[in-house]
Structures are given as structure tokens and as C-alpha cells.
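Asker: Here is a sequence together with a model predicted from it:
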Amino acid sequence: MSAQLIDGKKVSADIRESLKQEIADLKGKGIDPCLAVVLVGENPASKKYVASKEKTCAELGIVSIAHKIPETISQADLNKLIDDLNSDKKVHGILVQLPLPKGLDEKEVMYRIAPDKDVDGFGLQSLGKLLLDEPGFVACTPHGVMKMLEAYGIDPSGKHAVVIGRSVIVGKPLALLLLRKNATVTICHSRTQNLKEECLKADILCVAIGKAKFVKGDWIKKGATVVDVGINVGEDGKLVGDVDFQAVQEHASWITPVPGGVGPMTIAMLMYNTVQAAKKTA
Ligand code: NDP
């Protein structure tokens, strides 16, 4: 068996395309959707992520205002910047690129972003709403995973979903979203015993741990859907996921590639959230 690809490039392109009309409608009403991007320090990966977010904004006609700040900024000054962006009526969404340099408190910053501008979905109100199944901003990567499943007609209802990883950015919100869609959900992490056995029970296996090719072919139930969130740099310098793609695709029925799977979805959902934030002000 050779699994079929879940093409994140295509699904994300479709989402971006559908946003263009919504953005045109907003502009017709005099609203220019605007994302403020805060980049602190010189982390090369963060700079790359911010550049691709700015590029996608430009392609869609979303205004992006970049605040590129030296890592010597104090917590008080960073807080003040967030407060200013919170009260700036032109700004609809605020993104603070993580990780922040040492000495700055990420949680303090995330929790300070106004809930109606929290397009990354990491604030207390967004996370609370997710837990309560109320509408609100959902973190972009797990939201993107759900959109991919939906696009390929993979309905989690009644299925056994296993999520490896319990971060607030990916694993936990993804588990809640799968639960919302009536999957039976198991969350695994670094202390999980018999991880292979847990994986073998999965109809839908989502992996977000940050370890190259960690999940092996013989961990996969025949015909399962495998979603690889991981982004790692392999020994050859190329991007590689948390799943051993070649071996796993022999057992799965659907699989996301790396690159070209979950990655493009994350940016598309950031654009989606920014447009939703702008629509709320209409
Ligand atoms: P974190 O480091 O925050 O979390 C990793 C999780 O994996 C933890 O819950 C950890 O368990 C678990 N874990 C680590 N080692 C093992 C192991 N040996 N067995 C089982 N579980 C393990 O990472 P993130 O959630 O932020 O990111 C995960 C991956 O997803 C990374 O590769 C990251 O680059 C990628 N990513 C990709 C995105 C995209 O757009 N495609 C966006 C965001 C992240 P414990 O809690 O016990 O420590």
C-alpha cells in the first residue's frame, strides 16, 4: 500500500484564494485588514518565518506592519508596544514571533494581546474558548490540520485519534479540536509508556514532537491517516518531519508530506484569523 498525499500547498492555496474575495469586500467597506508582526532579536528561523508571513500578507493585500526590535528591549517596553498595538484601531491582528529571546516572558506577552486581536490564539481567552467549544481564535497550526482533514473528507467522528505532543501551540489544541469533531482522543508525550502500541491504535495519528523521522512504519495501523507537524533539519540540511515518511506511507492510507504539508497551512490560517479579526470590526 502506498498512501495518498494530503497536499497542504493546495489546500492552503484554496484558503488564500477564498480570502481574496473577503479582503476585497472589507476594502470596499473602507477596512484594510492589518496584521502587526513583532519580531524581537535576530533568530534566523524566526526572521525567515516573519518574512514568509509578510510575503503572504502582501500577496493577499493584507497590510503587515513589522516591528523589528533588538533583543535588548525590556519587558516593560515590549509590554508597552503590545498595549499600543492593542489600542491602535488600524491594527486587527497582533503576532509576536516566538520564541522570544532569553529574559523576556513569553506568557506575559501572549496574555497581554487583546483577545479580539489574538490571531495566533495563544492568549488566555482564546484558549479558554477553545476548551469551552465557543467561537474564538484557534491556534493556526492545529486549525490548519483540521482544515486539511476536512478538505480531504477525513471525518474524525468515531475514530481513534492519537496526538503525540502536548504543547499549547500544537498538541493540546489539536487534541481538543479532534475531540470537538467527536474523535476518541489519546494524547501522548515524552513520559508515555509503549508509544508504539498507542500509535498502532490510531485511525488518525498526529505527530508534533520535533524529532526527525521518529515515528516508524511498523507503528502505523493499516489504512491510518498520518499528519506530520514536525519540522526538523535532516543530516543533509533538508527539511524532514517527525515521521519516517518512506516507511510510514507503506502502511497509511493518507499522509502529509514535509515540506508541503502542515507548514503552508499554518500561514494560511494566520491570514484567515487576521481577516476574521478585521471582519469583526466591520
Ligand atoms: P514542543 O517542544 O513544545 O513540544 C514537543 C512535545 O513532544 C512535548 O509535549 C513532548 O513531551 C513531546 N515529545 C518529545 N519527545 C518525545 C518522545 N520521545 N516521545 C513522545 N513525545 C515526545 O514542540 P511544538 O509542539 O512547538 O512543535 C513540535 C514540532 O512541530 C516541532 O518540530 C516544530 O518545529 C513543529 N511545528 C511545526 C509547525 C508548522 O507550521 N508545521 C508549527 C509549530 C510547530 P513532554 O511534554 O513530555 O515534554
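Answerer: That came through fine. Residues are numbered from 1 along each chain as shown.

Asker: What count of nearby residues applies to residue 105?
Answerer: Look at residue 105: counted by other CB atoms under 10 Å, it has 13 neighbours. Just so you know, the C-beta spots here come from the backbone N, C-alpha and C atoms, and that holds for glycine as well.

Asker: what does residue 102 give?
Answerer: 7.

Asker: which SSE is residue 59 in?
Answerer: Assigned by DSSP states H and E, residue 59 belongs to helix 44-60.

Asker: Hmm, residue 63 is touching residue 31, no?
Answerer: No: checked against CB atoms under 8 Å, the pair residue 63 and residue 31 is beyond contact range at 10.5 Å.

Asker: And the residue nearest the centre of the protein?
Answerer: residue 141 (1.5 Å; CA atoms, centre = their mean).

Asker: Surely that residue is within a helix?
Answerer: Yes: counting by DSSP: H, G, I helix; E, B strand; the rest coil, residue 141 is part of a helix.

Asker: what number of residues lie near the closest residue in space to it that isn't next to it in sequence?
Answerer: Spatial nearest neighbour of residue 141, excluding adjacent residues (CB to CB, 6 or more residues apart in numbering): residue 266 at 4.7 Å. By the measure other CB under 10 Å, the count of residues near residue 266 is 24.

Asker: any idea how far residue 273 lies from residue 219?
Answerer: Noted for residue 273: a distance of 33 Å to residue 219, by CB to CB, to the nearest Å.

Asker: Equivalent analysis for residue 208, please.
Answerer: 15 Å.

Asker: how about the residues of this structure that lie near the ligand?
Answerer: 141, 164-167, 169-171, 188-192, 195, 208-211, 229-232, 262-263, 266 (CB under 6 Å from any ligand atom).

Asker: secondary structure element for residue 178?
Answerer: helix 171-180.

Asker: Name the residues of that helix that are buried.
Answerer: Within helix 171-180, the residues scored as buried using 16 or more other CB atoms under 10 Å are 171, 172, 173, 174, 175, 176, 177, 178, 179.

Asker: Walking through this structure, point out its helices one by one.
Answerer: 8-28, 44-60, 75-87, 106-112, 124-131, 140-151, 171-180, 195-200, 245-248, 262-280 (DSSP state H).

Asker: right, so of the ones you listed, which gets closest to residue 67?
Answerer: Comparing the helices of the chain against residue 67 with CB to CB, the closest turns out to be helix 75-87 (6.4 Å).

Asker: Show me what counts as buried in stretch 45-58.
Answerer: Residues of stretch 45-58 classed as buried: 46, 49, 50, 53, 54, 56, 57 (neighbour count, 16+ other CB under 10 Å).

Asker: Stretch 229-242 too?
Answerer: Going by neighbour count (16+ other CB under 10 Å), the buried part of stretch 229-242 is 229, 230, 231, 232, 240, 241, 242.

Asker: what do you get for stretch 199-219?
Answerer: Going by 16+ other CB under 10 Å, stretch 199-219 has these buried residues: 199-200, 202-209, 212-215, 219.

Asker: Keep only those of those that are in strands.
Answerer: Among these, the members falling in strands (DSSP state E) are 204, 205, 206, 207.

Asker: which one among those residues gets closest to the ligand?
Answerer: The ligand lies nearest to residue 207 out of those, by CB to the nearest ligand atom, at 8.1 Å.

Asker: Tell me where the model's unsure across this protein.
Answerer: 1 (pLDDT under 70).

Asker: The same query, at a cut-off of 90, please.
Answerer: Counting by pLDDT under 90, the chain has low-confidence residues at 1, 234-235, 282.

Asker: So what are the structural domains in it, by residue number?
Answerer: What automatic domain parsing lists as the domains of the chain is 30-114, 139-263.

Asker: Give me the distance between the longest one and the centre of its chain.
Answerer: On the basis of CA atoms, centre = their mean, to the nearest Å, domain 139-263 is displaced by 13 Å from the centre of the chain it belongs to.

Asker: So which of the domains of the chain is nearest residue 281?
Answerer: domain 30-114 (6.4 Å).

Asker: Quick one: distance of that closest one to the chain centre.
Answerer: For domain 30-114, the distance to the chain centre is 16 Å (CA atoms, centre = their mean).

Asker: Please apply the same query to stretch 263-278.
Answerer: Taking CA atoms, centre = their mean, one finds stretch 263-278 lying 9 Å from the centre of the chain it belongs to.
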